[in-house]
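Visitor: heads up, no residue letters with this:
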Ligand SMILES: *[C@@H]1O[C@H](CO)[C@@H](O)[C@H](O)[C@H]1NC(C)=O
C-alpha cells in the first residue's frame, strides 16, 4: 500500500511540471486484478490532456494505443522507443508486488461487526412492534443480515438498508422487522459475515425495553426506601413508648 502510494505521488509531481497556463497534462497508472490469485493482473498507463485520455498503454496489448490524432502520433513514438520496453516490465516489477501487498495488508483482512438488536419505541396503543438489528464497523462490506422466528427465516415485513460506508474502511447496515409480538415466540437476528466462521444468531431479549426497565427500577427503589423509613420510624416509636412504660412512676 505505502509503496504504491509513494510511486503514484512521484508520478503526479513529475507531471505537474508540465502544467502550463490553464492546461493540465497528467498520467495515471493502474494495476487491475479480479482476485488475490493475481492471475489476471493488468498494468494500464493512461495519458490525459485536460480531462481527455489521448494514449494508453495496456500490458495485455503490450503497447500504446492512441485515441486522438496527437495520441496516435504519441503512441507511435513511444512504441518505437525503449520507453515501451520499460513499461512492459511494470506488470512484474510494480503491479504484482504492490497488489500482493495490498491484498495481504488490507483487502484480505476481516473485521467482525458489532451487532445491536433492539425494539424501537412504538406509539401508545400500537399492536405491532418495530425491531432493529444493526451491524457496525465491519469489513469487508459483503454481509447478510436476516431475521428468524422460532428458527425459521422471516421474509415479510423486513426492510434492510444497503451496506453504508462509514468512510473509514468500515461499513454499517440496519435491518427492520415489523411484527406482532406473541408470547413464547423466539425472534432472532442472524448475521453472516466473512469474519465469522458460522452464522451468528442474536436472540431478542423478551423482557421489557430499557426505558420500561428503568421506570420499574426507580419505582422499586422508592418502595424499598419507603419500607425502610417506615420500619425505622416504627421501631423508633416502639422503643420510645416501651421505654416510657418501663420507667416506674
Ligand atoms: C486491455 O486489453 C485487453 C485486450 O485487448 C482487454 O481485454 C482489456 O479490457 C484492456 N484493459 C483495459 C483496462 O482497457
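Guide: Nice, thanks for sending it over. Small disclaimer: the values here were computed from a predicted structure and weren't measured.
Visitor: Distance check, residue 141 against residue 133.
Guide: According to CB to CB, to the nearest Å, residue 141 and residue 133 sit 17 Å apart. (C-beta placed from N, C-alpha, C; glycine too.)
Visitor: Those two: which has the busier surroundings?
Guide: residue 133 (25 against 16; other CB atoms under 10 Å).
Visitor: Write out the residues of the protein neighbouring the ligand.
Guide: Residues of the chain lying near the ligand by CB under 6 Å from any ligand atom: 32, 42, 44, 58, 60-61.
Visitor: so what's the residue positioned nearest the centre of the chain scoring on pLDDT?
Guide: Centroid-nearest residue in the chain, with CA atoms, centre = their mean: residue 171, separated by 1.1 Å. Per-residue confidence at residue 171 stands at 97 (pLDDT).
Visitor: now it: how far from residue 48?
Guide: In terms of CB to CB, residue 171 sits 32 Å off from residue 48.
Visitor: Same question for residue 144.
Guide: 40 Å.
Visitor: Of the two, which one has the most company?
Guide: The residue with more neighbours, out of residue 144 and residue 48, is residue 48; 16 against 13, by other CB under 10 Å.
Visitor: Correct me if wrong: the residue nearest to the centre of the chain contacts residue 139.
Guide: Yes: counting by CB atoms under 8 Å, residue 171 does reach residue 139; the two are 6.7 Å apart.
Visitor: Just the mean pLDDT for stretch 188-207, thanks.
Guide: 92.
Visitor: Give the buried residues for that stretch.
Guide: 188-191, 193-194, 200, 202, 204 (16 or more other CB atoms under 10 Å).
Visitor: mind listing what residue 40 touches?
Guide: Applying CB atoms under 8 Å, 6 or more residues apart in numbering, we find residue 40 in contact with 33-34.
Visitor: and it, backbone torsions?
Guide: When quoted as degrees, to the nearest 10, the phi and psi of residue 40 stand at phi -120, psi 40.
Visitor: any idea how far the stretch of helix or strand residue 190 belongs to is from the chain center?
Guide: In this structure, residue 190 is located in strand 187-193 according to DSSP states H and E. On the basis of CA atoms, centre = their mean, to the nearest Å, strand 187-193 sits 16 Å off its chain's mean C-alpha point.
Visitor: Partner strands of it, with direction?
Guide: strand 143-149 (antiparallel), strand 200-203 (antiparallel) (DSSP bridges).
Visitor: Could you tell me the average pLDDT over the following helix or strand past the last one, please?
Guide: Spelled out, it's strand 200-203. For strand 200-203, the succeeding helix or strand toward the C-terminus, using DSSP H and E, is helix 210-246. When pLDDT is averaged over helix 210-246, the result is 83.
Visitor: Kindly report the same for stretch 128-145.
Guide: Mean predicted lDDT for stretch 128-145 stands at 94.
Visitor: what about that stretch, start to end distance?
Guide: The straight-line separation of the ends of stretch 128-145 (CA to CA, to the nearest Å) is 21 Å.
Visitor: Show me what counts as buried in it.
Guide: 129-131, 133-135, 138-141, 143, 145.
Visitor: Which parts of this protein are strands?
Guide: Secondary structure of the chain (DSSP state E): strands at 25-32, 42-49, 52-58, 63-66, 114-120, 129-138, 143-149, 152-154, 158-160, 164-165, 171-179, 187-193, 200-203.
Visitor: who's in contact with residue 59?
Guide: With the criterion set at CB under 8 Å, 6+ apart, residue 59 makes contact with 41-44, 87-88, 90-91, 95.
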